[in-house]
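Colleague: Generate coordinates for the sequence data below:
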Amino acid sequence: MSAATPPAAQPLGSAPHRARRILVFAALALLLFVVQFARAMNRDLDPDEHQFVTPPALLAQFHLRPYIDYPYFHMPDLVLIYAGLTGWTSWKLLAARTISAIAGTTTIALLFATTHRWLAPSKRTSTPLHSAFCIPHSAFALPLLYASSRLFTYTSGWAWNHDTAVLAATAAVLLQLRGQRKNSLELLALAGFFAGLAIGIRLSFAFMIFPMALALLLADSPLSTKRRILALAIAITMALLALLPAIVLAIISPTRFYFGNLGYASLSTAYYRTWNTHGMTIVGKIGQSLQKFVSGPADAILFLGTIAAVFIWLRNYRIWSRILHHQFLFLLGVLLALWIGVMGPTPIQPQYNYMLLPIMALLIITALAASPPLSKSIRCITLAAAIATAIYATIAWYGPALLALPTPSRWKPVQQHRLAEWIAANTDPAARILTIEPTIPLEARRAVYPQYATGRFVLLVTPFQPAAQRTEFGMVGKTEIPAMLASDPPDAVFIHIQEKKQNQVDQPFIDYATQHNYRPLLSPDHHYKLWLRP
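Modeller: Here you go, the predicted model:
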C-alpha cells in the first residue's frame, strides 16, 4: 500500500477467500468469548458490582427508578440495558458478567477486523520466510496485546460499566471513520448513537463528542459542506436518543440526578483523603495513570507503541495521505478527550485507564498503515511480543479460569446463586432483607432496602455529608438508620463476614440485629451471616 492509499481502498480478495476469512474470524471470536467467559465466571464478587447489578433488578422486579427512588452514582443507560437483558432471570450476576464478557470479546474482534483491513497487503510479493509468516499474521498482534494487557485482564469480565462503555465508544469511533470515508449518513448516525450510549453508560466518555464533531466538520472526506452539517445534526440527534434515559430522569429529578453524577464525586474524594491515598493532586493522578501502563508487559508495549506512533506522525505526516493524516489527528483527539475523563475522578482507580486501550491500538495501526516500509520491518517484532505476552497472560490470568470452566459448580456466579437459594430456603418469600450485599438476596427473589442499592458506598460517604443533604438526596447513613428501621424493620439482616471487625462498614446492621435478638445463621460457605427476625 502506498502512503497515499487509505485503508479502505485495499482489496477484499476473492469470494472463496472472503468466506474462509469469515469462518476463521468467527472461530477466533468464539475462542475469544470462551476465554473471556471463563475469566468472568471465575472472579470473586467485587463490592462495586452491586451498584451495577442491583439497580436493574430493582427496576425489573420492583419498578424502582435510580435517583428518584434511591441514590445512584452513575449514568443510567446500563440500568435499562441490564434490566432488559437480565430482568427475566434470577441469575443476575451470571447474566451481567456474560454481557461484560460479550462486550469485551466484541471489542477485541473489532480491533482484529480493523487491523486486518487496514494492514492487509495490497498485493503478494516475494518476501523472506519470516516476513511471509509475520505479515499475513500481523493482524493478530495488537488485538493479542490488548487482550493480554493487565488493564484489560483486571477490568474486563466484572459486572461493571467499563466493558459496555468501551465497546460503544470503540464502535462509535470506527463507525465515524468508515462513515466519513463512505459518505454514509447511516453510519455517521450510528456513530452518534454509540457515542451517546457510551456517555449514557459512563460519564467519563463525555468529552469524546468534541473531537468527533470537529472531525465530522473538518476532516478530509467526500462529504460536502451541507452534508457534513446534516450529518452532525443527525449524529447529535442519535446521541440524544441514546441519552434519553438520562434526559428523562434529569427532568424528573434534576437535583438528585446532578448529585448522583457530579456531586457524589466530592464525597468520594473526601472519603479517600482519609486513606492518605496517593494521586489526589493532578500531578499525582498523572503519575498513577502512567504507572498503570507499566503494570504488565503488554500495557508497556501499547504505551510505548502509542508514543512511537505519535513520533512517526510528527516526522512523516507531510508525506501521509490527507485521509490518514486526519484519521490520526481524530484518534489522537479522542485519546486526549478520554484521558481527560480518566483524570476526572479522584483518586485514579486501575480500571479507569482501560478506556484508553482501544484508541491507543487504533493509533498504532494507523501509523503502521501510513508507513508500509516501517510496518514491514517491525511486524515480526510486534507479533513475537504479542505472542509472548499472550502466553504470559494465559499462564497468569486465563489459564486457571480455563481449567475451572468445565466445572460450573466452581464458577463464582453459580456459588453466589447457591447462596441465594440458601437465603430463599431460610426466609419467607415476602421478606425484606437489610444488607449492603443486595445482589445476593435479589437472586433469591427477596426484597432489599433500595437505600443501599449501590452497596457500601452510601455508608462510606455519608459521614462527610451534611444532614440536610442526606435527607434531600435520600442518603441513609449511620445516624439515620435507627429511624428508618423503627418504621420499617427488616425480616432479616444479611452480612458479609470480614476478618477485621473495625473495618465492618455495615456494623450498624449487626448492632441492630443483635440488639433486637435476631437469630444468626452461618452460610454454608462460612462467608456470610443471616440474622432472622424473632
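
Colleague: Where do the domain boundaries of this structure fall?
Modeller: Domain assignment for the chain by automatic domain parsing gives 7-41+73-121+130-404, 412-532.

Colleague: and residue 47, which of the ones you listed is closest to it?
Modeller: Closest to residue 47 of those is domain 412-532 (C-beta to C-beta; 5.5 Å). Where C-beta positions appear, they are placed from N, C-alpha and C, glycine not excepted.

Colleague: Going by mean pLDDT, which of the domains of the chain comes out lowest?
Modeller: When those are ranked by mean pLDDT, domain 7-41+73-121+130-404 comes last with a mean of 89.

Colleague: Taking the centroid of this protein, which residue is nearest it?
Modeller: When C-alpha atoms, centre = their mean is applied to the chain, the residue found nearest the centroid is residue 162 (1.0 Å).

Colleague: Reformat the domains of the chain as TSV; add distance to residue 58.
Modeller: Converted to TSV, these look like this (distance: least, C-beta to C-beta, whole Å):
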stretch	distance to residue 58
domain 7-41+73-121+130-404	9
domain 412-532	6
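
Colleague: among the ones you listed, which is the most enclosed?
Modeller: The highest average neighbour count among those, using mean count of other C-beta atoms under 10 Å, belongs to domain 7-41+73-121+130-404 at a mean of 19.

Colleague: May I have the secondary structure class of residue 428?
Modeller: coil (DSSP: H, G, I helix; E, B strand; the rest coil).

Colleague: Could I get the phi/psi values of it?
Modeller: Taking degrees, to the nearest 10, you get phi -70, psi 150 for the backbone angles of residue 428.

Colleague: ok, now which ones touch it?
Modeller: residue 491 (C-beta atoms under 8 Å, 6 or more residues apart in numbering).

Colleague: any idea how far it is from residue 437?
Modeller: Relative to residue 437, residue 428 is positioned 19 Å away (C-beta to C-beta, to the nearest Å).

Colleague: Would you mind giving the secondary structure of the residue nearest to residue 265 when sequence neighbours are not counted?
Modeller: Distances taken as C-beta to C-beta, 6 or more residues apart in numbering place residue 345 nearest to residue 265, at 6.4 Å, with adjacent residues excluded. Counting by three-state DSSP, the backbone at residue 345 sits in coil.

Colleague: hang on, residue 345 packs against residue 352?
Modeller: Yes: using C-beta atoms under 8 Å, residue 345 is in contact with residue 352, at 6.5 Å.

Colleague: Please enumerate the shared neighbours of these two.
Modeller: Residues touching both residue 345 and residue 352 by C-beta under 8 Å, 6+ apart: residue 204.

Colleague: right, and the domains of the chain - which one's nearest residue 49?
Modeller: Closest to residue 49 of the domains of the chain, according to C-beta to C-beta: domain 7-41+73-121+130-404, at 4.5 Å.

Colleague: on that earlier part again, residue contacts, the residue nearest to the centre of the chain?
Modeller: So residue 162 contacts 155, 156, 202, 351, 354, 355 (C-beta under 8 Å, 6+ apart).

Colleague: do the same with residue 69
Modeller: Shown in contact with residue 69 (C-beta under 8 Å, 6+ apart): 58, 450.

Colleague: what about 10 Å?
Modeller: By C-beta atoms under 10 Å, 6 or more residues apart in numbering, the residues touching residue 69 are 55, 58, 59, 62, 63, 253, 256, 450, 451, 453, 474.

Colleague: Next: residue 191.
Modeller: By C-beta under 10 Å, 6+ apart, the residues touching residue 191 are 171-180, 184, 212, 216, 231, 234-235, 238-239.

Colleague: before we move on, the earlier item: distance of the residue nearest to the centre of the chain relative to residue 65?
Modeller: Separation of residue 162 from residue 65 (C-beta to C-beta): 23 Å.

Colleague: Let's see stretch 148-167 as CSV, backbone CA atoms only.
Modeller: These are the backbone C-alpha positions of stretch 148-167, laid out as CSV (Å, rounded to 0.1, in the frame of the first residue of the first chain):
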residue,chain,number,x,y,z
SER,A,148,-3.1,-9.7,27.3
SER,A,149,-2.8,-6.2,28.9
ARG,A,150,-3.1,-6.1,32.7
LEU,A,151,-5.5,-3.2,32.4
PHE,A,152,-7.8,-5.4,30.3
THR,A,153,-7.5,-8.6,32.3
TYR,A,154,-8.0,-6.7,35.6
THR,A,155,-11.1,-4.8,34.4
SER,A,156,-12.9,-6.9,31.8
GLY,A,157,-15.4,-9.6,32.9
TRP,A,158,-16.7,-8.0,36.1
ALA,A,159,-20.3,-6.7,36.0
TRP,A,160,-19.0,-3.1,35.9
ASN,A,161,-19.9,-0.4,33.4
HIS,A,162,-16.5,-0.4,31.7
ASP,A,163,-16.7,-3.2,29.1
THR,A,164,-20.0,-2.0,27.6
ALA,A,165,-19.0,1.7,27.5
VAL,A,166,-15.6,0.8,25.9
LEU,A,167,-17.3,-1.3,23.3
